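Colleague: Fold the following and give me the result.
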Amino acid sequence: MIRYYDKLIEYWRTGKVWDAYRYFEQWKKEGLLSEEEIEKLNKKIPEWGELVIEEFQENPGALLGLYEELKKKREWDDEIACKKLKISKKNIENIQNLRLRSKSVVNKILLEFMQKITTR
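Modeller: Residues are numbered from 1 along each chain as shown. Purely as a prediction, here's the structure:
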């Protein structure tokens, strides 16, 4: 189980949120996680969400990758992203210049991205 968590965290640290999500779903689908482990994981998801947000705050390159992927998947430009995410153009510039540290902005991007990939 520890190996599983380490790999999941590594995906998040490298900005591969979609891979982390697919990895978790694969483990559940293949029966590699017991019901107890899935329950524990579901209880920890809010804690993991905080961990992911902190990782993106500390790794602006990963955040930029996530932002660009979100724009691509939603077919947005920067102006539409500002409106839809309710963030400023300055926030977008900071993301693109690898200077963003706002927990609120990271959270908005991450939630929108996760919503997009879970509604496929």
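
Colleague: Let me know the pLDDT of the nearest residue to Ile53 once chain neighbours are set aside.
Modeller: Spatial nearest neighbour of Ile53, excluding adjacent residues (C-beta to C-beta, 6 or more residues apart in numbering): Val106 at 5.1 Å. Using the backbone N, CA and C atoms, a C-beta is placed for each residue, glycine as well. Val106 is assigned a predicted lDDT (pLDDT) of 89.

Colleague: same for the helix or strand harbouring Val106, what does it pack against?
Modeller: Counting by DSSP states H and E, the element that carries Val106 is helix 103-118. If you count contacts as 3 or more C-beta pairs under 8 Å, 6 or more residues apart in numbering; DSSP states H and E, helix 103-118 packs onto helix 17-29, helix 35-58, helix 60-74, helix 78-85.

Colleague: what mean pLDDT does the second one have?
Modeller: Meaning helix 35-58. Mean per-residue pLDDT for helix 35-58: 73.

Colleague: go on, the last one?
Modeller: Averaging pLDDT along helix 78-85 gives 96.

Colleague: Quick check: buried residues in it?
Modeller: The neighbour-count check on helix 78-85 (16 or more other C-beta atoms under 10 Å) flags Ala81, Cys82, Leu85 as buried.

Colleague: Alright, calling it a day.
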